[in-house]
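J.: with the sequence up front, the predicted model follows.
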Protein chains: 2
Amino acid sequence: MYVILFYDIADRSLKERDNSRRIRKAVEKYLSRVQFSVFEGEIRESDLKKLKAYLRKHVHKELDSIVIYESTKVSYTDRIVIGIDKNETLFS
Amino acid sequence: MYVILFYDIADRSLKERDNSRRIRKAVEKYLSRVQFSVFEGEIRESDLKKLKAYLRKHVHKELDSIVIYESTKVSYTDRIVIGIDKNETLFS
């Protein structure tokens, strides 16, 4: 499977940073971070299942939102970034 | 073109809400909002060019980040949401 995962935060000021960091770490076990809240990569179906189970358990359902696009292979022709290009420093 | 656009905000508390809303409105002229900060849809190449020019001009380059995935057609097999499912109310 090829996956693009967006970690969509309604309002970061409302939530604890720690949980946000923990979730990012979990996602980074399987996918590469391509942007502050955007991850992508090749992932085995069994790992994707594990990751989704983890996220369903740990995400703040009233504050966070994670959107996962799944496809059988890399399918986009271009990825364009406007604004900040990668921003790991904010969390490290 | 089929496009998935993610409006990635490093820290919303640092920025004016007004600019954020203006940018969302511009994106919504062409794409459907599928999640708080995720938009997608079919778009003509000329419109995509216009939209990118607008975003390059109006985005806060030190705070915001917009990631655009382009492909020639809809190519994902599944879109999964964990957490908040659509959240327009926060901005309306």
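T.: Nice, thanks for sending it over.
J.: in the longest helix along chain A, what's buried?
T.: If you go by DSSP state H, chain A has its longest helix at helix A:45-58. Buried residues in helix A:45-58, defined by neighbour count with 16 or more other C-beta atoms under 10 Å in any protein chain shown: A:48, A:51, A:54-55. For every residue, glycine as well, the C-beta is placed using N, CA and C.
J.: quick one: contacts for A:Lys61?
T.: Neighbouring residues of A:Lys61 by C-beta atoms under 8 Å, 6 or more residues apart in numbering or on different chains: B:83-84.
J.: on the three-state scheme, it is what?
T.: coil (DSSP: H, G, I helix; E, B strand; the rest coil).
J.: rewinding a little: which residues touch the next helix or strand along the chain from the longest helix of chain A?
T.: Tracing the chain C-terminally past helix A:45-58 and defining elements by DSSP states H and E, one meets strand A:64-71 next. Residues outside strand A:64-71 that contact it (C-beta under 8 Å, 6+ apart): A:1-10, A:15, A:20, A:23, A:48, A:52, A:55, A:59, B:4, B:34-36, B:38, B:75-85, B:87.
J.: the longest helix of chain A - contacts with which helices or strands?
T.: Here helix A:45-58 is seen to pack against helix A:17-28, strand A:64-71, strand B:78-83 when contacts are counted using 3 or more C-beta pairs under 8 Å, 6 or more residues apart in numbering or on different chains; DSSP states H and E.
J.: helices and strands of chain A: which one bottoms out on pLDDT?
T.: helix A:17-28 (a mean of 82; mean pLDDT, DSSP states H and E).
J.: check whether whichever helix or strand comes after that helix comes near chain B.
T.: Note on helix A:17-28: by DSSP H and E, the next helix or strand toward the C-terminus is strand A:32-35. Yes. With C-beta under 8 Å from any C-beta of the partner chain as the criterion, chain B is reached by strand A:32-35 at A:34-35.
J.: alpha carbons of whichever helix or strand comes after strand A:32-35, as CSV, please.
T.: Note on strand A:32-35: by DSSP H and E, the next helix or strand toward the C-terminus is strand A:38-42. Written as CSV, here are the backbone C-alpha positions of strand A:38-42 (Å, rounded to 0.1, in the frame of the first residue of the first chain):
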residue,chain,number,x,y,z
VAL,A,38,2.1,15.4,6.3
PHE,A,39,3.5,11.9,6.1
GLU,A,40,3.8,9.4,3.3
GLY,A,41,5.3,6.1,2.2
GLU,A,42,5.0,2.5,1.3
